[in-house]
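*Asks:* Below is the structure, and that's it, no one-letter string:
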Ligand SMILES: NC(=O)c1ccc[n+]([C@@H]2O[C@H](COP(=O)([O-])OP(=O)(O)OC[C@H]3O[C@@H](n4cnc5c(N)ncnc54)[C@H](OP(=O)(O)O)[C@@H]3O)[C@@H](O)[C@H]2O)c1
């Protein structure tokens, strides 16, 4: 039995889908008000709880062999990105869990002060020292984040690009990442390893609207405000809502820096997991190529 946290998220729902496609038992940790009907329909055992409640984590980890931790905090890095993962690890040890997969983030070891990055780094350290079998995956940005932008582009030609248009990234197919997370628990070469996880190519920010333009056959209209405008807006928000300003710090870190994998990192990933990472173009075409809509993806 797998326990998947963040099972209603972009990555988590893909992991649950793929596990059920291969007929594996999966307990999906979800919140009551979230949209978990699809997971239930696919035959996942739905566990309703809140990751900020240690007793829910204690219950959810009973009779579990594998944990895939892929929840995200949005706002509360201390309680959700940090504490919930520490509790999951402690209960995984107590329940003799065979393998723990933790979804971290690329650049977690660069000393960024954004709360999510700090929390993930501390969780990584705790997991490595825990004695559990683990795999830590450090992904770049997920390709599904591009789907709403691609849909808007398809309808209007507009693309909003904040900050330096030459910043590089290697956006990863969220479906490939789900595959890798699942394979990590049985792949002996992934035992107690850390992997950078990126897509097939290193792209500059301005490559994205170029790819959209090719896929949808229309001229892009690129709006490119500088990063200081975002900073000004964020400071303004801070006057009204300091917590939101702090959580926007993670987005600020993502906008201001480059997050791409080296050729060596992608080669290691592809050879360990025996797959070819998907390109952004292929991902967009697969989801939107025939005029499909992407609600909930
Ligand atoms: N998205 C990216 O580009 C990216 C890049 C690198 C790393 N990552 C990491 O990858 C992981 C997955 O990201 P994602 O984009 O798939 O996340 P997401 O779509 O934002 O989903 C977050 C998930 O966490 C759940 N969650 C949040 N707080 C919870 C709580 N208190 N109790 C129970 N569940 C809670 C949410 O449940 P609800 O449905 O109830 O809200 C949702 O299922 C995260 O750890 C993220 O930091 C993401």
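*Replies:* Yes, it's here. Note that the structure is a prediction, hence the values are computed from the model and not measured.
*Asks:* List, one by one, the residues from the stretch 151-297 of the chain near the ligand.
*Replies:* Residues of the stretch 151-297 of the chain lying close to the ligand (Cβ under 6 Å from any ligand atom): none. From N, CA and C alone the C-beta is placed, and that goes for glycine too.
*Asks:* Of all residues in the stretch 151-297 of the chain, which one is closest to the ligand?
*Replies:* residue 174 (7.2 Å; Cβ to the nearest ligand atom).
*Asks:* now swap in the chain and tell me
*Replies:* Residue nearest to the ligand within the chain: residue 9 (2.3 Å; Cβ to the nearest ligand atom).
*Asks:* rewinding a little: and the residue of the stretch 151-297 of the chain closest to the ligand, how many neighbours?
*Replies:* 25 (other Cβ atoms under 10 Å).
*Asks:* what residues are up against it?
*Replies:* For residue 174, the contact set (Cβ atoms under 8 Å, 6 or more residues apart in numbering) comprises 10-11, 14, 142-144.
*Asks:* List the buried residues in the helix or strand where residue 236 lies.
*Replies:* Per DSSP states H and E, residue 236 falls inside helix 227-240. For helix 227-240, burial by neighbour count (16 or more other Cβ atoms under 10 Å) applies to 230, 234.
*Asks:* need the next SSE after that helix, C-terminal direction.
*Replies:* helix 242-256.
*Asks:* what angle separates that following helix from helix 227-240?
*Replies:* 170 degrees (axes from the mean of the first three to the mean of the last three Cα atoms, to 10 degrees).
*Asks:* Quick check: mean pLDDT of helix 242-256?
*Replies:* For helix 242-256, mean pLDDT rounds to 82.
*Asks:* go on, stretch 114-123?
*Replies:* Computed over stretch 114-123, the average pLDDT equals 96.
*Asks:* in that stretch, what counts as buried?
*Replies:* Buried residues in stretch 114-123 (16+ other Cβ under 10 Å): 114-121, 123.
*Asks:* Let me see the ranges of the strands in this protein.
*Replies:* 2-5, 26-30, 45-48, 66-69, 99-103, 134-139, 158-160, 168-169, 193-197, 203-204, 221-223 (DSSP state E).
*Asks:* Show me what the second one packs onto, helices and strands only.
*Replies:* Pointing back at strand 26-30 there. strand 2-5, helix 10-21, strand 45-48, helix 54-60 (3 or more Cβ pairs under 8 Å, 6 or more residues apart in numbering; DSSP states H and E).
*Asks:* Not counting sequence-adjacent ones, nearest residue to residue 253?
*Replies:* residue 114 (4.2 Å; Cβ to Cβ, 6 or more residues apart in numbering).
*Asks:* How about residue 31?
*Replies:* In space, residue 31 is closest to residue 50, 6.0 Å off (Cβ to Cβ, 6+ apart).
*Asks:* Could you do residue 149 as well?
*Replies:* Nearest to residue 149 is residue 159, by Cβ to Cβ, 6+ apart, at 6.8 Å.
*Asks:* list the contacts for that neighbour?
*Replies:* Counting by Cβ under 8 Å, 6+ apart, residue 159 has contacts 149, 152-153, 208-209, 212, 220-223.
*Asks:* Buried ones among these?
*Replies:* Buried among those by 16+ other Cβ under 10 Å: 149, 153, 208-209, 212, 220, 222.
*Asks:* Just those: which are in helices?
*Replies:* 149, 153, 208-209, 212 (DSSP state H).
*Asks:* between these, which is closest to residue 108?
*Replies:* Closest approach to residue 108 among those (Cβ to Cβ): residue 208, at 23.4 Å.
*Asks:* Contact partners for the nearest residue to residue 68 once chain neighbours are set aside?
*Replies:* Spatial nearest neighbour of residue 68, chain neighbours left out: residue 101 (4.5 Å); criterion: Cβ to Cβ, 6+ apart. Residues near residue 101 by Cβ under 8 Å, 6+ apart: 66-69, 134-137, 181, 184-185.
*Asks:* now residue 158
*Replies:* Here residue 158 is in contact with 152, 220-221, 223 (Cβ under 8 Å, 6+ apart).
*Asks:* Now render the residues you listed as JSON lines, adding distance to residue 279.
*Replies:* JSON lines is the format used below for the contacts of residue 158 (distance: Cβ to Cβ, whole Å):
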{"residue": "152", "distance to residue 279": "21"}
{"residue": "220", "distance to residue 279": "18"}
{"residue": "221", "distance to residue 279": "24"}
{"residue": "223", "distance to residue 279": "25"}
